[in-house]
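Visitor: Make a model of this:
(one chain, ligands or ions: 1)
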Amino acid sequence: MEKVLEVRDLHVSFDTYNGEVKAVRGVSFDLKKGETLAIVGESGCGKSVTSQTIMRLIPNPPGRIKQGEILFDGKDLTKLSEREMEKIRGAEIAMIFQDPMTSLNPTMTVGRQITEGLMKHQKMSKEEAKKKAVEMLRLVGIPSPESRVNQYPHQFSGGMRQRAMIAIALSCAPKILIADEPTTALDVTIQAQIMELMKELQEKLNTSIILITHDLGVVADVADRVVVMYAGKVVETGTVEEIFYRPRHPYTWGLMASMPRLDQKKEQELLPIPGSPPNLIAPPKGCPFAARCKHVMKICQERMPDVTNISSNHQVSCWLEHPMAPKVEPPAQLVEGGAK
Ligand SMILES: Nc1ncnc2c1ncn2[C@@H]1O[C@H](COP(=O)(O)OP(=O)(O)OP(=O)(O)O)[C@@H](O)[C@H]1O
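Guide: Numbers count the residues shown, from 1 in each chain. Model prediction:
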């Protein structure tokens with residue numbers, strides 16, 4: 001599949017009073033045409049800095065691209081002038097954020113925020129752009145788009161604002177949409193609708209999406225491939241199936257282990273292991289995976305001192321019971337008595 005973006009050995013740092021913060025340390029991945037690539041990893045691992053660097057939104061100073069290339073359409077985005085970036089931002093690469101109010105202009109009607117982009121980037125006439133704005137609002141499921149187009153963002157509900165932001169982002173048919181936690185601030189039911197909408201629009205418009213999220217359920221639902229980041233680095237890249245069912249890196253195992261459990265009650269029944277550090281918790285009484293679970297604990301303690309706590313390791317085992325889990329055995333090293 002054709003690559004639309006290549007990030008190569010990207011290093012981004014911030015100068016702070018306490019010294020240099022190396023937020024992104026040698027990140028490489030590519031994005032293929034029409035795919036959804038999820039970037040996952042714990043808070044502070046560098047997901048947002050990576051995406052903002054692609055858009056060249058990192059405040060400089062204190063931020064700096066120290067090394068690396070971001071190849072898009074035959075150009076290295078790290079080398080472009082601000083003027084050249086302005087032509088790409090919004091038109092060819094668009095971004096949506098967790099809080100629409102950070103990207104919607106509160107002083108402009110939603111319609112005008114769409115028409116401005118269309119007139120600037122696609123050289124549409126005002127009339128054409130107005131028609132397209134109504135069409136875009138209809139496409140993202142905003143009721144009565146003919147009147148809503150003249151309203152300001154504060155007159156929209158949270159879910160509608162998110163839809164409006166998607167409409168603005170997609171109105172110029174960008175090649176790439178970067179979505180940074182686009183649904184985190186929304187109710188669960190609206191979250192699902194928005195993700196479904198993005199997927200539908202992606203199929204219609206053949207946009208490639210970089211999706212930054214903490215929600216592994218969303219990743220499983222909509223992503224094609226996943227980049228797992230830890231402490232500013234990519235630790236593993238693979239298809240959803242590979243990452244969820246056959247993770248290779250111990251950190252990915254830990255992350256998968258953090259998936260919400262089906263049976264939250266079990267969580268409450270977890271007991272401290274006598275003599276263990278306070279954050280270590282035993283598997284619940286009668287857990288059919290207890291033996292394997294102990295082994296998982298041991299492996300994880302050895303390999304993932306940073307992310308280990310028995311509660312989440314227990315979830316590795318319980319995860320195998322999850323409907324999304326593979327109908328295969330876990331890797332040999334995680335099976336009782338298996339190879340280490
Ligand atoms: N403007 C800034 N000045 C100094 N440090 C920064 C700045 N922006 C980000 N950082 C640091 O860069 C690192 C990566 O931050 P980033 O926002 O990319 O994390 P993240 O993985 O997106 O986290 P989250 O999931 O919580 O949004 C963090 O250590 C953060 O404190």
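
Visitor: can you tell me the distance between the two ends of stretch 95-102?
Guide: Distance across stretch 95-102, first residue to last, is 11 Å (Cα to Cα, to the nearest Å).

Visitor: How about stretch 34-52?
Guide: 21 Å.

Visitor: Any buried residues in that stretch, and which?
Guide: Of the residues in stretch 34-52, 34-42, 45-52 count as buried by neighbour count, 16 or more other Cβ atoms under 10 Å. Any C-beta I mention is one placed from the backbone N, CA and C, and that applies to glycine too.

Visitor: which other helices and strands contact the helix or strand where residue 20 lies?
Guide: For residue 20, the host element (DSSP states H and E) is strand 19-32. The helices and strands touching strand 19-32, judged by 3 or more Cβ pairs under 8 Å, 6 or more residues apart in numbering; DSSP states H and E, are strand 3-16, helix 47-54, strand 63-72, strand 208-212, strand 233-239.

Visitor: and the ones you listed, which is most packed in?
Guide: Ranked by mean neighbour count, those are led by strand 208-212 with a mean of 24 (mean count of other Cβ atoms under 10 Å).

Visitor: The ligand contacts on this protein?
Guide: Neighbours of the ligand within the chain, by Cβ under 6 Å from any ligand atom: 14, 16, 21, 23, 41, 43-49, 59, 62-63.

Visitor: show me what contacts the residue nearest to residue 122 when sequence neighbours are not counted?
Guide: Closest residue to residue 122 apart from its sequence neighbours, by Cβ to Cβ, 6 or more residues apart in numbering: residue 172 at 6.0 Å. Each residue near residue 172 by Cβ atoms under 8 Å, 6 or more residues apart in numbering is listed here: 90-92, 94, 117-118, 121-122.

Visitor: Out of those residues, which sit inside strands?
Guide: Among the contacts of residue 172, the members found in strands (DSSP state E) are residue 94.

Visitor: Put together JSON lines for the contacts of residue 172, with neighbour count and pLDDT on each row.
Guide: What follows is those, written out as JSON lines (neighbours: other Cβ atoms under 10 Å; pLDDT from 0 to 100):
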{"residue": "90", "neighbour count": "19", "pLDDT": "88"}
{"residue": "91", "neighbour count": "18", "pLDDT": "91"}
{"residue": "92", "neighbour count": "16", "pLDDT": "94"}
{"residue": "94", "neighbour count": "26", "pLDDT": "93"}
{"residue": "117", "neighbour count": "22", "pLDDT": "89"}
{"residue": "118", "neighbour count": "23", "pLDDT": "93"}
{"residue": "121", "neighbour count": "19", "pLDDT": "87"}
{"residue": "122", "neighbour count": "14", "pLDDT": "87"}
